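Undergrad: Turn this into a structure:
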Amino acid sequence: MARVKLSRIRNIGVVAHIDAGKTTVTERILFYTGKSYKMGEVHDGEAVMDWMPQEQERGITITSAVTTCDWKNHEIHIIDTPGHVDFTIEVERSLRVLDGAVVVFSAVEGVEPQSETVWHQAGKYGVPKIAFINKMDRIGADYFGAIGMMQERFASRPLPVQVPLGEAENFRGIVDLIRMRLITWKEGTLGAAFDVSEVPGDVRDEVQARREKLLETLAEVDDEIADKYLAEIDIPDAELIRAIRKATVSLKLVPVLCGAALRNKGVQPILDAVIDFLPSPEDVPPVKGLNPVTKTEESRAANDREPFSALAFKVSMMEGRKITYARIYSGLLKAGDEVFNATKGRKEKVARLLKMHANKRERIDVAGAGDIIAIAGLKDSTTGDTLCQESKPIILESIEFYNPVIGQAIEAKTPADQEKLPEVLAKISEEDPTLKVKYDEETAQTIISGMGELHLEIVVDRLLREYNIHVNVGKPRVVYRETIQKAVEIDGRFERELGEKKHFGHVKLVLEPLPRGAGIEIKNELPPETIPAEFHPVIEESLGEAVFSGVLAGYPVLDVRIRITGGSFREGDASSVGYKIAAATAFKDGCAKADPVLLEPIMRVDILTPRDFMGEVIGDINARKGEVDSVTPKGPVTEIRAHVPLRSLFGYSTDLRSATQGRAIFTMQFLRYDTA
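TA: Numbers count the residues shown, from 1 in each chain. Just a heads-up that it's a prediction; the model follows:
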């Protein structure tokens with residue numbers, strides 16, 4: 001099969017807050033591009049991209065799904081991502097490998113908490129965006145209100161390239177401000193057919209004013225457009241599209257479109273905008289990485305002639321087999337090739353190459369720069385690993401993972417289940433790097449830790465459905481951290497005979513508290529003559545391990561600077577074991593003397609509630625030892641932002657529903673660790 005030209009490839013993600021209509025948009029895209037023969041509806045549990053049973057039952061996206069479709073002679077690779085904060089790692093790893101994003105907002109709620117999170121995640125990786133304001137047919141829809149919220153909340157500058165004709169029950173179509181035309185969709189065609197006509201006379205003046213505003217905004221970021229605009233020269237449509245594309249790719253502007261995906265209105269223009277405004281792999285700067293041999297920075301341009309390089313961004317178990325999703329940045333990859341995992345320093349064999357459509361697979365023989373594919377046969381590669389040519393190694397920037405904030409004890413119901421449990425949990429945690437598994441020797445329980453109650457509920461559900469493992473589940477537990485409150489100097493000394501050999505080690509440390517969120521700093525300030533350099537890495541490694549278990553309750557230690565300031569050396573007796581134990585002992589003793597304290601996870605909680613229940617909601621937050629940060633009216637509802645200790649939030653969804661007659665919704669995400 002002939003490879004598509006790089007300039008005709010788009011790698012995009014569809015991202016949004018939960019329930020903004022993201023999967024509905026993706027389903028319409030698949031239908032109009034001919035990829036699927038019928039529209040799957042999220043509320044019916046029939047969405048193509050939500051293929052997991054857990055997704056279909058709950059009507060939410062849990063795992064990012066990859067597909068490819070064609071539109072106007074372009075190949076579009078799409079990743080549909082979850083909107084629920086518990087699965088934000090899926091968004092993070094998808095945005096790491098994408099060239100562009102379609103961010104979906106609800107015209108009623110505007111910018112919601114998770115929309116902000118995904119917007120900033122896209123910003124972190126420099127991903128150009130277009131915005132689609134959905135649900136224009138709903139009561140309370142406010143297109144320009146949503147754009148106003150975008151201007152308020154984001155540093156990016158929105159550029160409306162469309163305006164709606166009517167809102168709520170009067171929503172009839174959209175006006176394209178670039179080409180100055182009205183698009184209306186024909187009834188009875190499932191939105192596949194639409195009419196293009198002149199802008200109606202009764203709104204022409206308003207539309208003309210909006211177009212002037214578009215030209216004005218564009219002139220501020222593009223000199224060529226500015227010259228023509230000031231000279232009042234007519235600017236051709238193609239030139240406007242080129243200028244908007246350039247400003248979008250350089251992150252100066254975000255084109256804004258509108259529609260009602262559930263009513264099949266406004267989706268085809270999204271596809272046109274993806275082609276017109278979002279970058280191809282050629283438009284993105286060459287990917288940079290570190291050569292593990294020379295330790296110098298290298299880059300790989302997006303073309304098939306460059307040395308092969310790819311980033312594994314997701315691992316999935318399908319029918320018992322491991323599939324590794326990868327974005328190819330440069331070079332070609334063929335089925336049967338041997339690749340080098342530069343992150344782990346191991347060779348891997350590519351058994352098969354697959355093009356994915358949600359959970360369906362299509363075998364291909366070759367893939368190249370710009371492709372997002374799945375690889376079967378890689379045994380050791382995991383999320384964030386770089387695959388490359390062994391003779392030209394490179395390690396690309398990896399993917400940042402989030403630390404779990406909630407834990408739960410599970411224990412197998414039968415000996416047969418217990419036998420399978422560790423292996424299956426290892427498989428699931430390989431797929432999901434935010435899931436951590438630990439076996440507690442004292443209680444003989446397995447502790448699973450994750451991003452939220454729903455996250456752990458899904459894991460337990462998968463154990464039963466996919467692997468037929470029955471477990472008893474304990475109550476969720478908060479995952480605490482520990483830190484110190486004052487600086488101390490401490491000596492650690494180890495002298496003992498182990499196995500007929502004397503071991504000696506002596507280390508002096510200074511432990512100092514750091515501000516919240518600073519993490520752990522280990523500074524080697526040893527004078528060269530104090531302890532031979534060969535023992536320095538051992539001491540640092542020992543301290544790096546010691547911080548994983550504090551002195552109060554064995555939780556990891558945070559926000560501490562450890563300075564290695566001195567010690568002593570004894571010829572003949574000094575050993576790696578001696579220094580390792582001395583360093584770990586000094587750290588433990590130092591923590592015990594430095595006013596150790598527990599830190600608990602504080603969550604940012606965003607609640608949308610009808611105004612009538614605002615008082616009850618705020619009173620409940622205060623009762624949970626939370627603090628309200630802001631109260632923002634949004635039409636008939638009010639947005640309340642607060643920060644609340646996680647331990648106070650178990651069962652909050654039920655309590656909130658009871659207090660508001662089921663009419664309020666909330667999301668929460670980890671904010672910081674702070675003193676309990």
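Undergrad: going forward, measure contacts and count neighbours with C-alpha atoms only.
TA: Fine.
Undergrad: where does the protein have its least confident helix or strand?
TA: helix 53-58 (a mean of 51; mean pLDDT, DSSP states H and E).
Undergrad: next SSE after that one?
TA: strand 65-71 (DSSP states H and E).
Undergrad: chain center to that next one, what's the gap?
TA: Mean C-alpha position of strand 65-71 versus that of the full chain (Cα atoms, centre = their mean, to the nearest Å) differs by 20 Å.
Undergrad: list the helices and strands it packs on?
TA: strand 74-80, strand 352-357 (3 or more Cα pairs under 8 Å, 6 or more residues apart in numbering; DSSP states H and E).
Undergrad: and of those strands, who's closest to Phe587?
TA: When those are compared by Cα to Cα, strand 74-80 sits nearest Phe587, at 45.5 Å.
Undergrad: Just the pLDDT for His357.
TA: What the model reports as pLDDT for His357 is 78.
Undergrad: Tell me what the residue nearest to it when sequence neighbours are not counted is bridged to.
TA: Leaving aside its sequence neighbours, His357 sits nearest to Thr67 (Cα to Cα, 6 or more residues apart in numbering; 4.2 Å). Applying DSSP bridges to Thr67 gives these bridge partners: Ile78.
Undergrad: Look up how far Ile76 lies from Thr67.
TA: 8 Å (Cα to Cα, to the nearest Å).
Undergrad: Repeat that for Thr26.
TA: 12 Å.
Undergrad: Low-confidence stretches in this protein?
TA: Applying pLDDT under 70 to the chain picks out residues 1-3, 36-64, 83-88, 319, 358-359, 441-444, 676.
Undergrad: Show the residue spans covered by the helices in the stretch 101-250 of the chain.
TA: For the stretch 101-250 of the chain, the helices defined by DSSP state H, counting those that start in this stretch occupy 113-124, 143-153, 201-221, 223-230, 237-249.
Undergrad: nearest to Pro601, of the ones you listed?
TA: Here helix 113-124 is closest among the helices of the stretch 101-250 of the chain (Cα to Cα), at 18.1 Å.
Undergrad: could the helices of the stretch 101-250 of the chain be laid out in TSV, adding mean neighbour count and distance to Gln661?
TA: Output for the helices of the stretch 101-250 of the chain, formatted as TSV (neighbours: other Cα atoms under 10 Å; distance: least, Cα to Cα, whole Å):
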stretch	mean neighbour count	distance to Gln661
helix 113-124	19	22
helix 143-153	17	27
helix 201-221	15	41
helix 223-230	14	54
helix 237-249	18	43
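Undergrad: Neighbouring strands of the one helix or strand Phe313 maps to in the sheet, and parallel or not?
TA: Using DSSP H and E, Phe313 falls within strand 309-318. Strand partners for strand 309-318, identified by DSSP bridges, are recorded as strand 321-330 (antiparallel), strand 386-388 (antiparallel).
Undergrad: buried set for the last one?
TA: It refers to strand 386-388. 386-388 (16 or more other Cα atoms under 10 Å).
Undergrad: just to revisit the earlier point, for Glu167, which of the strands paired with strand 309-318 is the nearest?
TA: Once those are compared by Cα to Cα, strand 321-330 is nearest, at 40.0 Å.
Undergrad: In that closest one, which residues are buried?
TA: Under 16+ other Cα under 10 Å, the buried positions of strand 321-330 are 322-330.
Undergrad: same thing with stretch 279-291?
TA: Residues of stretch 279-291 classed as buried by neighbour count (16+ other Cα under 10 Å): 279-282, 284, 286, 289-291.
Undergrad: Let's verify Pro82: helix, strand, or coil?
TA: coil (DSSP: H, G, I helix; E, B strand; the rest coil).
Undergrad: right, and it touches Val15 too?
TA: Yes. Checked against Cα atoms under 8 Å, the pair Pro82 and Val15 is within contact range at 7.3 Å.
Undergrad: Mind listing the shared neighbours of those two?
TA: Counting by Cα atoms under 8 Å, 6 or more residues apart in numbering, the shared contacts of Pro82 and Val15 are Val91.
Undergrad: next one: phi and psi at Leu6?
TA: Backbone geometry at Leu6, expressed as degrees, to the nearest 10, gives phi -60, psi -40.
Undergrad: roughly how far apart are it and Ile539?
TA: In this view, Leu6 and Ile539 are 50 Å apart by Cα to Cα.
Undergrad: As a check, name the ranges of all strands in the stretch 551-676 of the chain.
TA: Along the stretch 551-676 of the chain, the segments classed as strands by DSSP state E, counting those that start in this stretch run 560-568, 597-610, 627-634, 637-645, 665-675.
Undergrad: Same check on the stretch 351-500 of the chain?
TA: Secondary structure of the stretch 351-500 of the chain (DSSP E, counting those that start in this stretch): strands located at 352-357, 360-364, 366-368, 372-376, 386-388, 395-396, 406-412, 436-440, 445-450, 471-478, 481-483, 488-498.
Undergrad: Which residues are in contact with Ser115?
TA: For Ser115, the contact set (Cα under 8 Å, 6+ apart) comprises 15-17, 103, 105.
Undergrad: What about the closest residue to Glu112 other than its chain neighbours, how many residues nearby?
TA: Closest residue in space to Glu112, ignoring its immediate chain neighbours: His17 at 6.3 Å, by Cα to Cα, 6+ apart. Neighbour count for His17, taken as other Cα atoms under 10 Å: 24.
Undergrad: Am I right that His17 is in contact with Pro113?
TA: Yes. Counting by Cα under 8 Å, Pro113 is a contact partner of His17 at 6.9 Å.
Undergrad: Quickly check the buried residues of strand 321-330 for the two that are furthest apart.
TA: Comparing all pairs in the buried residues of strand 321-330 by Cα to Cα, the longest separation belongs to Lys322 and Ser330, at 23.7 Å.
Undergrad: At the geometric centre of the protein, which residue do we find?
TA: Central residue of the chain (Cα atoms, centre = their mean): Glu92, 1.9 Å from the mean position.
Undergrad: Please report the distance of it from Ile9.
TA: For Glu92 relative to Ile9 (Cα to Cα), the value is 22 Å.
Undergrad: circling back to that earlier point, adding mean neighbour count and distance to Ile225, write the strands of the stretch 551-676 of the chain out as JSON lines.
TA: Output for those, formatted as JSON lines (neighbours: other Cα under 10 Å; distance: least, Cα to Cα, whole Å):
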{"stretch": "strand 560-568", "mean neighbour count": "20", "distance to Ile225": "53"}
{"stretch": "strand 597-610", "mean neighbour count": "22", "distance to Ile225": "41"}
{"stretch": "strand 627-634", "mean neighbour count": "14", "distance to Ile225": "36"}
{"stretch": "strand 637-645", "mean neighbour count": "22", "distance to Ile225": "40"}
{"stretch": "strand 665-675", "mean neighbour count": "19", "distance to Ile225": "42"}
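Undergrad: For Lys314, which of the ones you listed is the nearest?
TA: Going by Cα to Cα, the one of the strands of the stretch 551-676 of the chain nearest Lys314 is strand 665-675, 22.2 Å.
Undergrad: How about Arg179: what's its closest non-neighbour residue?
TA: Here the residue nearest Arg179, using Cα to Cα, 6+ apart, is Asp237, at 6.2 Å.
Undergrad: now do Thr446
TA: Tyr439 (4.4 Å).
Undergrad: In contact with that neighbour, which residues are there?
TA: 445-447.
Undergrad: Same question for Leu333.
TA: Contacts of Leu333 by Cα under 8 Å, 6+ apart are 308, 366-368.
Undergrad: Of those, grab the buried ones for PyMOL.
TA: Buried subset of the contacts of Leu333, written as a PyMOL selection, criterion 16+ other Cα under 10 Å:
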select buried, resi 308+366+367+368
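Undergrad: from the contacts of Leu333, which two are the most distant?
TA: Once Cα to Cα is applied, these give Phe308 and Val366 as the farthest pair, at 12.4 Å.
Undergrad: Brilliant, that's me finished.
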